[in-house]
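Participant: test case, fold it:
(chains A, B, C and D)
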Number of protein chains: 2
Amino acid sequence: MSKVGGMEGNHILLDNPPLKEAYRFLRKGLAGKMLVFFIADCEVSYRGRARSYLSRGERLIVIKPDGSLLIHRDKGYEPVNWQPPDTVISTRLTDNHLLVKSVRKSVNEVVEIHIFDLKVLGCYRLKDIGTFTMYGREEDMKKAIEMFPSLIEEGFKVLRTERKVRPGFIDVFGVDSQGRLTVVELKSGTSSMDAVLQLKKYVDSLKKELGVTEIRGILASPRITKRGLQLLKTLKLEYKPLSPAKCLKYLERKKGLKL
Amino acid sequence: MSKVGGMEGNHILLDNPPLKEAYRFLRKGLAGKMLVFFIADCEVSYRGRARSYLSRGERLIVIKPDGSLLIHRDKGYEPVNWQPPDTVISTRLTDNHLLVKSVRKSVNEVVEIHIFDLKVLGCYRLKDIGTFTMYGREEDMKKAIEMFPSLIEEGFKVLRTERKVRPGFIDVFGVDSQGRLTVVELKSGTSSMDAVLQLKKYVDSLKKELGVTEIRGILASPRITKRGLQLLKTLKLEYKPLSPAKCLKYLERKKGLKL
DNA sequence: CGTGCCAGGTGCCAT
DNA sequence: ATGGCACTTGGCACG
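Facilitator: Got it, this is the predicted structure:
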């Protein structure tokens, strides 16, 4: 069966269109800066930082108005091939197939889709002025600590956040109740040896920069791996269990809001 | 206009379906382990490691047979909300909206989509037995070096790859022309201070483990940051420019293949 | 299952 | 542009 719907410029929907018709409306959708999706029997090749080849089969393909491209198989969160925003999409119809090519403007990255058949083609203009808000990331932990330094420990005071050291930034820099300088490294998830080494790096950088021999280093996160904790102790650093959830509770209390 | 196509079990395509009809065929598609997509006017909430709320607007939503979920706005490579594979999808129809809920089996992560209207609903069974191959990753560099150790330097010999040290693995472990033990850390992209510290960690671990005082450390990658190079020199480590592309050329030569 | 680490990571923000 | 880093990172391989 073959069916066409809503081609008055509002949207386009083609059921099992012949290549030639698909080509026509695909161009129309792309030119009209619509979100375009289709299910196609296709081959895909990628060339850029690496190279890949995907042999023939049916996939869901999405092209967004900003030039981003997604090619999804029927499994997994990640697209098998893709392009981030800012690509130029071009199309070409030959005797036996339809070529869709996406070339990234800034770097040399190209994705080519050779299409032999389409199951469906849709082009839509998404009316979407919604706002997206996210809570519980490292940034929220930082905010909470600025407002409630005791989340780290009694008597802790924040001197500043995002303090620049040689390379990188210290999440929170402060002093403890004894007046000792203290570096706090925050992780919103499980912290591992990486995080410990990061903290160590900051503490050492700062010691050097300030010419101070004693600086406390505290890693604050909801969880730490066993190896991470071992390393932490070896390096004379400290661990403070602290979850984004707890920080959010404090932030809510302050704002009087339910997030 | 409203149109229905291919509901004989092969696929489903509904143009601008009423909520009730969409609900019926959505359930059918999910039950039949089909890939389901739809464009919907909806609100989205997420709760898990973090929390988020996306206010009302039109988005493209994809549900795969493996339980992965993607919610895309009309911009960007990344979905605004999502679930990786292995979620349980449930649906509920109320008077004024359709609820789609995805609950992750292993961890506590829930995405809820409140749908007020659908522009289109499609359910398809993707025939896809294609193979996906990728070239130019770190693994390919490793293979090339095993076959052509001189890619590192004249006289270099590989003892083994993926050698385990305290925590982690040394990419390539070998000896140079002077018989000195050498650790090689590979990066397929630009290497930064992180990579340098990683190499340092491996060299130190190995010195300790083997009771040797002199071990060379070579970082091989197509590019290194200025700060990375500084740190590398400070730590008496070395840099060898080497790109995945060059490695691939060698591999092709060996196999007599054009990849 | 936890731990470590790569990825065409992407995205954000700083210099 | 380069660089440093978080991310609901996801994904894999290995103890």
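
Participant: got the buried residues for the lengthiest strand in chain A?
Facilitator: Counting residues, the longest strand found in chain A (DSSP state E) is strand A:110-124. Buried residues in strand A:110-124, counted by 16 or more other C-beta atoms under 10 Å in any protein chain shown: A:111-115, A:117-124. Backbone N, C-alpha and C define where each C-beta goes, glycine included.

Participant: repeat for stretch A:210-222
Facilitator: Buried residues in stretch A:210-222, counting neighbours by 16+ other C-beta under 10 Å, are found at A:Ile215, A:Arg216, A:Gly217, A:Ile218, A:Leu219, A:Ala220, A:Ser221, A:Pro222.

Participant: ok, which of the residues you listed also contact DNA strand D?
Facilitator: Among the buried residues of stretch A:210-222, no residue lies close to DNA strand D (C-beta under 7 Å from any atom of the strand).

Participant: in strands, which of those residues fall?
Facilitator: Assignment to strands by DSSP E places the following of these there: A:Arg216, A:Gly217, A:Ile218, A:Leu219, A:Ala220, A:Ser221.

Participant: TSV please, covering the residues you listed and showing distance to A:Lys157 and pLDDT.
Facilitator: As requested, those are exported to TSV (distance: C-beta to C-beta, whole Å; pLDDT from 0 to 100):
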residue	distance to A:Lys157	pLDDT
A:Arg216	13	95
A:Gly217	16	95
A:Ile218	13	95
A:Leu219	19	95
A:Ala220	15	94
A:Ser221	21	94
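
Participant: ok, which pair from the residues you listed is furthest apart?
Facilitator: When these are compared pair by pair using C-beta to C-beta, the two farthest from each other are A:Arg216 and A:Ser221, 16.3 Å apart.

Participant: ok so, going back, list just the nearest of the buried residues of stretch A:210-222 to A:Met34.
Facilitator: A:Met34 has its nearest neighbour among the buried residues of stretch A:210-222 in A:Pro222, at 42.5 Å by C-beta to C-beta.

Participant: ok, the nearest residue in space to A:Tyr135 that is not next to it in sequence - contacts?
Facilitator: With C-beta to C-beta, 6 or more residues apart in numbering or on different chains as the measure, B:Arg51 is the residue that lies nearest to A:Tyr135, at 4.7 Å, once sequence neighbours are left out. Counting by C-beta atoms under 8 Å, 6 or more residues apart in numbering or on different chains, B:Arg51 makes contact with A:Met134, A:Tyr135, A:Gly136, A:Leu248, A:Leu259, B:Ser45.

Participant: okay, who's weakest in the residues you listed by pLDDT?
Facilitator: The member of those with the lowest pLDDT is A:Leu259, and it reads 44.

Participant: any idea which residue sits dead centre in chain A?
Facilitator: The residue at the geometric middle of chain A, judged as the C-alpha nearest the mean C-alpha position with C-alpha atoms, centre = their mean, is A:Pro84 (11.3 Å).

Participant: could you find the closest non-adjacent residue to that one?
Facilitator: Counting by C-beta to C-beta, 6+ apart, the residue nearest A:Pro84 is B:Tyr77, at 4.4 Å.

Participant: who touches the one you found in this structure?
Facilitator: By C-beta under 8 Å, 6+ apart, the neighbours of B:Tyr77 are A:Ser68, A:Leu70, A:Trp82, A:Gln83, A:Pro84, A:Pro85.

Participant: coming back round to it: of the contacts of B:Arg51, grab the buried ones for PyMOL.
Facilitator: Isolation of the buried members of the contacts of B:Arg51 (16+ other C-beta under 10 Å) is achieved in PyMOL through the command below:
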select buried, (chain A and resi 135+136+248) or (chain B and resi 45)
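
Participant: between the contacts of B:Arg51, which is nearest DNA strand D?
Facilitator: A:Met134 (5.6 Å; C-beta to the nearest atom of the strand).

Participant: three-state assignment of that closest one?
Facilitator: For A:Met134, the secondary-structure state derived from DSSP: H, G, I helix; E, B strand; the rest coil is strand.

Participant: the spatially closest residue to it that is not a sequence neighbour: neighbour count?
Facilitator: Leaving aside its chain neighbours, A:Met134 sits nearest to B:Ser52 (4.2 Å; criterion: C-beta to C-beta, 6+ apart). The burial metric for B:Ser52, expressed as a neighbour count using other C-beta atoms under 10 Å in any protein chain shown, is 18.

Participant: would you format the buried residues of stretch A:210-222 as a markdown table with distance to chain B included?
Facilitator: Listed next are the buried residues of stretch A:210-222 as a markdown table, based on distance: C-beta to the nearest C-beta, whole Å:
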| residue | distance to chain B |
| --- | --- |
| A:Ile215 | 19 |
| A:Arg216 | 22 |
| A:Gly217 | 16 |
| A:Ile218 | 20 |
| A:Leu219 | 17 |
| A:Ala220 | 16 |
| A:Ser221 | 12 |
| A:Pro222 | 9 |
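
Participant: among those, which one sits closest to DNA strand D?
Facilitator: A:Ser221 (9.4 Å).

Participant: for the residue nearest to the centre of chain A, phi and psi?
Facilitator: Dihedral angles phi and psi of A:Pro84 (degrees, to the nearest 10) take the values phi -70, psi 180.

Participant: dig out what the residue nearest to A:His11 when sequence neighbours are not counted forms beta bridges with.
Facilitator: Of all residues not flanking A:His11 in the chain, A:Tyr124 sits nearest, at 4.8 Å (C-beta to C-beta, 6+ apart). Each beta-bridge partner of A:Tyr124 is listed here, defined by DSSP bridges: A:His11, A:Leu35.

Participant: for A:Tyr124, give its distance to B:Leu242.
Facilitator: If you measure A:Tyr124 against B:Leu242 using C-beta to C-beta, to the nearest Å, the figure is 46 Å.

Participant: check whether whichever strand or helix holds A:Leu232 contacts chain B.
Facilitator: If you go by DSSP states H and E, A:Leu232 is part of helix A:226-234. Yes: under the criterion of C-beta under 8 Å from any C-beta of the partner chain, chain B is reached by helix A:226-234 at A:Arg227.

Participant: tilt between that helix and strand A:216-221?
Facilitator: Angle, helix A:226-234 to strand A:216-221, by axes from the mean of the first three to the mean of the last three C-alpha atoms, to 10 degrees: 160 degrees.

Participant: so which bits of the stretch 101-250 of chain A are right by DNA strand D?
Facilitator: Counting by C-beta under 7 Å from any atom of the strand, the residues of the stretch 101-250 of chain A close to DNA strand D are A:106, A:134, A:136-139, A:167-169, A:171, A:185, A:187-189, A:198.

Participant: filter those residues down to the buried ones.
Facilitator: A:Gly136, A:Arg137, A:Glu138, A:Glu139, A:Asp171, A:Glu185, A:Lys187, A:Ser188, A:Gln198.

Participant: in strands, which of the residues you listed fall?
Facilitator: Checking these against DSSP E, those in strands are A:Asp171, A:Glu185.

Participant: out of the buried ones among the residues of the stretch 101-250 of chain A next to DNA strand D, who's nearest DNA strand C?
Facilitator: A:Glu139 (9.6 Å).

Participant: let me know the pLDDT of the closest one.
Facilitator: The per-residue pLDDT reported for A:Glu139 equals 90.

Participant: cool, A:Arg47 as well?
Facilitator: At A:Arg47, the pLDDT value in this model is 96.

Participant: from DNA strand D, how far out is it?
Facilitator: Look at A:Arg47 and DNA strand D: by C-beta to the nearest atom of the strand, to the nearest Å, they are 19 Å apart.
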